[in-house]
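# just coords:
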Ligand SMILES: [Zn+2]
């Protein structure tokens, strides 16, 4: 079997920033065929894990190794509980997508003894509905016994905002900072080149990559809160983040909590609608020309605005005011059952509350035209093909009748 080697590099400290990095080396039939550097950069005020600690590197690169069916050799240390969880995580993904993911051996120079877990949590914060809901609910102590103390939130530069777009990141960071300042939670940035070097499918790898990047903060928080995407009532698999697999990304000193799956997106929006500063800076869009703003007309922007309408709330000022939502809604279809379920849920919530009689039927049309197999090609093409087949059949019948 070909292999992938993780070789940690000494920590570097420059201009107030710590850089943790490692070599990722690919070996085919005993010959080195590829060598890259994976790095993370964050403020030096954060107590960093040792250079030899490879938990974050292993998490980030695992999906690539499974895709390429490479055994992993680690020239550093990994926590025993993380290795245990990743054994099960690999099996889960092999079962979900056997066409994409193998199960591979992992060998480690040092299996680390567990360290004491630090109190408090880090919340992965993108400024979207899910992370905003998680930050809001926990900071307002609305989760009963499950409420966590959020020590800080973190925004990753290099995921949805490319590394070279420093202006968009700086804007998104300062907006998120204003939001979190309102609930007295600090925001810490972290930069990584992960997406520039991975070939892993982002839909499936985003949660493991996020935990990998933020596990660099395990000396400052013993828990990571990941805002859920799909609710328990509409779970969609395979998907990178789910209540079934997110808990397998943690260790005994960096637990992962998949947060908020007991709420639909409309219910989450209804909860954060009470947070005026929060919704003023809500950011859900990755498709606009400006990566730190909502375009107003893509599927996610339109869906979120209908989330607000479905619970009887006004559309907040973070969306462009002059958007024709119905016209936008006619420009896209829904590619997955998860998305169709999310729109159905908006419809059902509005129906139950007697809201949106004028637009509910448009949502039903959108869901119908998105059903797989029905209009996987254009409607015109479909009709033409059917008519051609019918004409051909008539012709054949006429010939055989003669
Ligand atoms: Zn948008």
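Yep, that arrived. Keep in mind that this is a model prediction, so the values were computed, not measured.
# Look at residue 189 and give its secondary structure.
Using DSSP: H, G, I helix; E, B strand; the rest coil, the structure places residue 189 in strand.
# I'd like to know how many residues surround it.
If you count neighbours by other C-beta atoms under 10 Å, residue 189 ends up with 18. All C-beta spots, glycine's among them, are computed from the backbone N, C-alpha and C.
# Let me see the contact set for it.
Shown in contact with residue 189 (C-beta atoms under 8 Å, 6 or more residues apart in numbering): 42-43, 154-157, 169, 173.
# just curious, which of these is nearest to residue 203?
For the contacts of residue 189, the minimum distance to residue 203 (C-beta to C-beta) is 16.9 Å, reached by residue 156.
# does the closest one really touch residue 193, like I thought?
No. Residue 156 is beyond contact range of residue 193, at 11.4 Å (criterion: C-beta atoms under 8 Å).
# quick one, which of the two is more surrounded?
More crowded of residue 156 and residue 193, by other C-beta under 10 Å: residue 156, with 22 against 16.
# Okay, and the beta partners of the more buried one?
residue 190 (DSSP bridges).
# Can you pull the phi/psi pair for the residue of the stretch 101-250 of the chain found nearest the ion?
At 11.3 Å from the ion, residue 128 is the closest residue in the stretch 101-250 of the chain, using C-beta to the ion. Dihedral angles of residue 128 (phi, psi; degrees, to the nearest 10) stand at phi -90, psi -180.
# one step back: please produce a PyMOL select command covering the buried subset of the contacts of residue 189.
Buried residues among the contacts of residue 189 (16 or more other C-beta atoms under 10 Å), as a PyMOL selection:
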select buried, resi 42+154+155+156+157+169+173
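# want to try JSON lines for the contacts of residue 189, with pLDDT and distance to residue 368 as columns?
Formatted as JSON lines, the contacts of residue 189 follow (pLDDT from 0 to 100; distance: C-beta to C-beta, whole Å):
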{"residue": "42", "pLDDT": "98", "distance to residue 368": "47"}
{"residue": "43", "pLDDT": "98", "distance to residue 368": "50"}
{"residue": "154", "pLDDT": "98", "distance to residue 368": "41"}
{"residue": "155", "pLDDT": "97", "distance to residue 368": "38"}
{"residue": "156", "pLDDT": "97", "distance to residue 368": "37"}
{"residue": "157", "pLDDT": "98", "distance to residue 368": "40"}
{"residue": "169", "pLDDT": "93", "distance to residue 368": "39"}
{"residue": "173", "pLDDT": "95", "distance to residue 368": "41"}
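# burial count for residue 249?
Count around residue 249 with other C-beta under 10 Å applied: 26.
# and it, how far is that from residue 236?
With distances taken as C-beta to C-beta, to the nearest Å, residue 249 is found 18 Å from residue 236.
# Low-confidence regions, the stretch 101-250 of the chain specifically.
For the stretch 101-250 of the chain, not a single residue meets the criterion pLDDT under 70.
# Strands of that one, start to end?
Along the stretch 101-250 of the chain, counting by DSSP state E, counting those that start in this stretch, strands occupy 106-112, 121-124, 150-157, 187-192, 223-227.
# Give me the sheet partners of the second one and which way each runs.
Read it as strand 121-124. strand 150-157 (parallel), strand 223-227 (parallel).
# Please tabulate these in a markdown table, including the columns distance to residue 335.
Output for the strands paired with strand 121-124, formatted as a markdown table (distance: least, C-beta to C-beta, whole Å):
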| stretch | distance to residue 335 |
| --- | --- |
| strand 150-157 | 25 |
| strand 223-227 | 22 |
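# I'd like to know which of these is closest to residue 277.
Of these, nearest to residue 277 by C-beta to C-beta is strand 150-157, at 14.2 Å.
# and the angle for the closest one with strand 187-192?
Here the directions of strand 150-157 and strand 187-192 differ by 40 degrees (axes from the mean of the first three to the mean of the last three C-alpha atoms, to 10 degrees).
# Contacts for strand 150-157, please.
120-127, 131, 135, 138-139, 163, 169, 172-173, 176, 180, 185-192, 210, 213-214, 217, 220-221, 225.
# one more time with 7 Å, if that's ok
120-126, 135, 138-139, 163, 169, 172-173, 176, 180, 185-192, 210, 213-214, 217, 220-221 (C-beta atoms under 7 Å, 6 or more residues apart in numbering).
# Now the buried members of those residues.
For the contacts of strand 150-157, a neighbour count by 16+ other C-beta under 10 Å gives the buried set as 121-126, 135, 138-139, 169, 172-173, 176, 180, 185, 187-192, 210, 213-214, 217, 220-221.
# which parts of the protein sit against the ion?
With C-beta under 5 Å from the ion as the criterion, the chain meets the ion at residues 285, 287, 295, 298, 301.
# you'd agree the first one is up against residue 299?
Same thing as residue 285. No. Contact between residue 285 and residue 299 fails when scored by C-beta atoms under 7 Å: they sit 9.7 Å apart.
# higher neighbour count, those two?
Neighbours were counted for residue 285 and for residue 299 using other C-beta under 10 Å; residue 285 has more, 23 against 20.
# now the strands: where do they sit in the stretch 251-400 of the chain?
Assigned by DSSP E, counting those that start in this stretch, the strands in the stretch 251-400 of the chain fall at 255-259.
# Show me the helices in it, by range?
265-272, 276-280, 299-310, 325-329, 337-352, 357-369, 379-401 (DSSP state H, counting those that start in this stretch).
# Show me what the third one is in contact with.
In this structure, residues lying in contact with helix 299-310 by C-beta under 7 Å, 6+ apart are 129, 265-266, 269, 273, 284-285, 294-295, 314-316, 319, 325, 328-329, 332, 342-343, 346, 349-350, 355-356.
# Measure how that helix sits relative to helix 357-369, angle-wise.
Using the same axes, to 10 degrees, helix 299-310 lies at 140 degrees relative to helix 357-369.
# Let's test this: mean pLDDT of helix 299-310, rounded?
Across helix 299-310, the average pLDDT comes to 97.
# Give the buried residues for that helix.
So for helix 299-310, counting by 16+ other C-beta under 10 Å, buried means 299-310.
# would you turn the residues you listed into JSON lines with distance to residue 3?
JSON lines is the format used below for these (distance: C-beta to C-beta, whole Å):
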{"residue": "299", "distance to residue 3": "40"}
{"residue": "300", "distance to residue 3": "39"}
{"residue": "301", "distance to residue 3": "44"}
{"residue": "302", "distance to residue 3": "46"}
{"residue": "303", "distance to residue 3": "43"}
{"residue": "304", "distance to residue 3": "44"}
{"residue": "305", "distance to residue 3": "49"}
{"residue": "306", "distance to residue 3": "49"}
{"residue": "307", "distance to residue 3": "46"}
{"residue": "308", "distance to residue 3": "50"}
{"residue": "309", "distance to residue 3": "53"}
{"residue": "310", "distance to residue 3": "51"}
